[in-house]
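Colleague: 3D model of this:
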Amino acid sequence: MAKYKDSVNLKRIGKRIKSRRVKLNLEIEDVAEMTGFAYNTIWNVENGLETNLSYFIQICFALNIHPKVILDIEFDIKPRFPLSASRKEKSRLTPRISKYIESDYFATPRSTNDVVSKMREEFKMKLESKTISAILLRFVKDNILQHVKEGNRNFYSSK
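Modeller: So this is what the prediction gives:
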C-alpha cells in the first residue's frame, strides 16, 4: 500500500502552529529548545510536512496551547473510501455472535456450520464458514468460548 499524506490539511495545521509561534514572538530555535526537537522537525511541522503525532503534541505544549485548539478547523469529514457492503455485513457479525453467546445458544456445543445456518436463516445473509470460524476463534482466544475438535469438525461452547 502506498504511503498516504494529507498535504492540504497538514499545511493548514502547520500554518496555525506557525501563527501561534509568531504571535508569542518565538523563533523556531526557541520551540526546538523547549521540545528538545531539531530545528528541522519544527520547520517541517509548520510547513505541512509529515510529522509524528507526539511531535505535534509537544510543539503545541511548548506554544502553551492545547492541540485541540490547533485542530479546531473545518474539515470535510468523510472517509477516503466508502465502506463496502460486504465489510459492513462482516462488521455486524461479531456483535450478533456475542448476542448468541449471551442468550446461551452455545450452552450446547455448536459447529461453525450450525452458526452459519442460524445466521443465514435469521439475517438472510451470504456467509462463508471461514469468516464465522475466525470470529469464533477470537472468542476462544478471549476465553469467552471453549473449542473442542471432534474428528475434522470444530465445536464451540460456553465456558
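Colleague: now the residue lying closest to Pro67 once chain neighbours are set aside. Its backbone dihedrals?
Modeller: Once flanking residues are discounted, Pro67 sits nearest to Cys60: 4.5 Å by C-beta to C-beta, 6 or more residues apart in numbering. All C-beta spots, glycine's among them, are computed from the backbone N, C-alpha and C. Note on Cys60: backbone dihedrals following degrees, to the nearest 10 are phi -60, psi -40.
Colleague: and the pLDDT at Glu29?
Modeller: We have a pLDDT of 98 for Glu29.
Colleague: which residues in the protein form helices?
Modeller: Assigned helices in the chain, in chain order: 7-23, 28-35, 39-46, 53-62, 67-70, 85-102, 112-123, 129-141 (criterion: DSSP state H).
Colleague: from the contact counts, what lies against the fourth one?
Modeller: Under the contact definition 3 or more C-beta pairs under 8 Å, 6 or more residues apart in numbering; DSSP states H and E, helix 53-62 sits against helix 7-23, helix 28-35, helix 39-46, helix 67-70.
Colleague: what do you get for the second one?
Modeller: Using 3+ C-beta pairs under 8 Å, 6+ apart as the contact criterion, the elements in contact with helix 28-35 are helix 7-23, helix 39-46, helix 53-62.
Colleague: can you redo those helices as CSV with distance to Asp72?
Modeller: Compiled in CSV, these are given as follows (distance: least, C-beta to C-beta, whole Å):
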stretch, distance to Asp72
helix 7-23, 9
helix 39-46, 17
helix 53-62, 12
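Colleague: sorry, back to before: any idea which of the helices and strands packed on helix 53-62 is most buried?
Modeller: Ranked by mean neighbour count under mean count of other C-beta atoms under 10 Å, these are led by helix 39-46, which reaches a mean of 19.
Colleague: quick one: that helix to helix 7-23, angle?
Modeller: Taking axes from the mean of the first three to the mean of the last three C-alpha atoms, to 10 degrees, helix 39-46 and helix 7-23 form an angle of 120 degrees between their directions.
Colleague: now helix 39-46: average pLDDT?
Modeller: Helix 39-46 shows a mean pLDDT of 97.
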